[in-house]
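Asks: Okay, predicted coordinates and the sequence, questions at the end:
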Amino acid sequence: MSETPKSGGNDYEAQLAKSSVAVAEFDHAPRGLIGTVQHVLHANPTFVPVIVLVASIAVFGVIAGERFFSPFNLSLIMQQVSIIGILAAAQTLIILTAGIDLSVAAIMVLMSVISGKLAVQFGVPAPLAILVSFAGGIAAGYLNGWLVTKIKLPPFIATLGTWNVFFALNLWLSGAQSIRGADIDTTAPLLKFFGNTIQIGDARLTYGTLLMIAIFVALWYVLNKTAWGRHVYMIGDDKEAAELAGIRTDRTLRQVYMLAGFICALAAWASIGRVGSISPQSFYEGNLESITAVVIGGISLFGGRGSIMGALFGALIVGVFQSGLRLAGVDVLWQVFAIGWLIIIAVAIDQWIRKVSA
């Protein structure tokens, strides 16, 4: 019988150590440039809309020249995106939970009609009429949340249904008639408050623009610095895991929809100042435009990933494209064409980023 060499154990340990090193080296293999970019964008999804926004400004600055960079034009872009930006903030809250809200614009228009009817036609003090519209927005959001959490309807179906309900109520209450700006000025000028402007150099910003920025800053803090905000992200990422972690997911979802409804009511007040009147058929495409801003802003439609600020950048990107193409003399048809491709590219980038290796 031959004896096992005494050094055999040491040789085995040395081979095992080499294998471990090899495995470790394999696990930390270089990702390459594309892989590194993919990981960076996965960790910082807002980088994409920021890069697109800066590139868009640079390109249209070259195409349209000094007219594009004029303080008047830049401030006009901010004014034009203010209402859709506010709706995009509300939409972002829902999409972060892996839902979608097709009724945001309908809630906004309905609340503007309610506040206008109360203040202008029924003589209710404007502050009280505005408060009633806030309560109405919260109630509308609660209805959406209740349908999703209690009736267990998919958010798409629930809000598609309530969009029709709110739109019908809007036409019924208004009688399909607009409330003129002159009547608002005479009886309830407070309704136009967010249409007032402030002068900053050669630029003019409306209070509605400042409201939009304030909403995004407040939501960024809530979503990133509070436990409630972390719960919202967790629900969007994996609702079942969130429940196992002790989060009351249904209650949080209802709160999200109610907050979104309140933001829509704020948008209603701001829209009166922006348009100067109250029309039951205004912002008809606001639902899709808010989703467009969210998608272009790098917020995943699958929930749980993205920054609220991305929706702001997304709205600005749309505004920059529309303004730049208009100044360049491009037909409105091709402006819509360009925005459509922006949406497709944004979703494709999101899909690519989501495939990043853990």
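Replies: In hand now; what should we look at? For clarity, every value in this text was computed on a predicted model and none was experimentally measured. Numbering: from 1, shown residues only.

Asks: Kindly format the C-alpha coordinates of the helix or strand hosting Val294 as PDB.
Replies: Per DSSP states H and E: Val294 is located in helix 286-296. Provided in PDB are the C-alpha atoms of helix 286-296 (Å, rounded to 0.1, in the frame of the first residue of the first chain):
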ATOM      1  CA  GLY A 286     -53.400  66.000 -20.600                       C
ATOM      2  CA  ASN A 287     -53.600  62.300 -19.600                       C
ATOM      3  CA  LEU A 288     -51.300  61.100 -22.400                       C
ATOM      4  CA  GLU A 289     -49.100  64.200 -22.200                       C
ATOM      5  CA  SER A 290     -48.500  63.600 -18.500                       C
ATOM      6  CA  ILE A 291     -47.600  59.900 -19.200                       C
ATOM      7  CA  THR A 292     -45.300  61.100 -22.000                       C
ATOM      8  CA  ALA A 293     -43.400  63.400 -19.600                       C
ATOM      9  CA  VAL A 294     -43.000  60.600 -17.100                       C
ATOM     10  CA  VAL A 295     -41.800  58.100 -19.700                       C
ATOM     11  CA  ILE A 296     -39.300  60.500 -21.300                       C
END
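
Asks: Counting by contacts, list what that helix packs against.
Replies: Counting contacts by 3 or more Cβ pairs under 8 Å, 6 or more residues apart in numbering; DSSP states H and E, helix 286-296 packs against helix 71-96, helix 104-116, helix 308-327, helix 332-354. Quick note: C-beta positions are derived from backbone N, CA and C, even for glycine.

Asks: what's the closest of the ones you listed to Gly65?
Replies: Evaluated over the helices and strands packed on helix 286-296, closeness to Gly65 peaks at helix 308-327, with 8.3 Å, by Cβ to Cβ.

Asks: quick check: mean pLDDT across that closest one?
Replies: The predicted model gives helix 308-327 an average pLDDT of 91.

Asks: now swap in stretch 205-225 and tell me
Replies: For stretch 205-225, the per-residue pLDDT averages 96.

Asks: ok, now stretch 174-189?
Replies: Averaging pLDDT along stretch 174-189 yields 92.

Asks: now swap in stretch 151-160 and tell me
Replies: On average, stretch 151-160 scores 96.

Asks: what's the straight distance from one end of that stretch to the other?
Replies: 15 Å (Cα to Cα, to the nearest Å).

Asks: Same question for stretch 144-155.
Replies: Using Cα to Cα, one end of stretch 144-155 lies 8 Å from the other.

Asks: in it, what's buried?
Replies: By 16 or more other Cβ atoms under 10 Å, the buried positions in stretch 144-155 come out as Asn144, Gly145, Trp146, Leu147, Val148, Thr149, Leu153, Pro155.

Asks: so how far is it from its chain's centroid?
Replies: When distances are taken as Cα atoms, centre = their mean, to the nearest Å, stretch 144-155 is centred 21 Å away from the chain's centroid.

Asks: again with stretch 57-69
Replies: For stretch 57-69, the distance to the chain centre is 26 Å (Cα atoms, centre = their mean).

Asks: can you give me the mean pLDDT across that stretch?
Replies: On average, stretch 57-69 scores 86.

Asks: Tell me which residues are up against it.
Replies: With Cβ atoms under 8 Å, 6 or more residues apart in numbering as the contact definition, stretch 57-69 has outside contacts at Asn73, Val320, Phe321, Ser323, Gly324, Leu325, Leu327, Ala328.

Asks: Next, the contact list for Gly201, please.
Replies: Pro71 are the contacts of Gly201 under Cβ under 8 Å, 6+ apart.

Asks: Okay, it and Gly340: tell me how far apart.
Replies: Using Cβ to Cβ, to the nearest Å, Gly201 is found at 35 Å from Gly340.

Asks: Next: Leu118.
Replies: Note on Leu118: its distance to Gly340, by Cβ to Cβ, is 39 Å.

Asks: same question, Glu240
Replies: Going from Glu240 to Gly340 by Cβ to Cβ gives 35 Å.

Asks: List the single closest residue to Pro49 in space, sequence neighbours excluded.
Replies: Phe313 (3.8 Å; Cβ to Cβ, 6 or more residues apart in numbering).

Asks: Which stretches in the stretch 101-250 of the chain count as strands?
Replies: All strands of the stretch 101-250 of the chain, identified by DSSP state E, counting those that start in this stretch, fall at 197-200, 203-206.

Asks: which secondary structure elements does the first one contact?
Replies: Using 3+ Cβ pairs under 8 Å, 6+ apart as the contact criterion, the secondary-structure elements in contact with strand 197-200 are strand 203-206, helix 207-225.

Asks: circling back: Leu118 and Gly340: which has the busier surroundings?
Replies: Taking neighbours as other Cβ atoms under 10 Å, Leu118 and Gly340 compare with Leu118 leading, 20 against 11.

Asks: Who are the contact partners of that one?
Replies: Per Cβ under 8 Å, 6+ apart, neighbours of Leu118: Val124, Leu128, Ala129, Val132.

Asks: cutoff 6 Å now
Replies: Residues near Leu118 by Cβ atoms under 6 Å, 6 or more residues apart in numbering: Val124, Ala129.

Asks: So it versus Leu173, what's the distance?
Replies: Distance, Leu118 to Leu173, by Cβ to Cβ: 10 Å.

Asks: where in this protein is pLDDT low?
Replies: Low-confidence regions of the chain, defined by pLDDT under 70, span residues 1-31, 37-38, 40-45, 354, 356-358.

Asks: that older thread, which pair in the buried residues of stretch 144-155 spans the largest distance?
Replies: Trp146 and Pro155 (12.1 Å).
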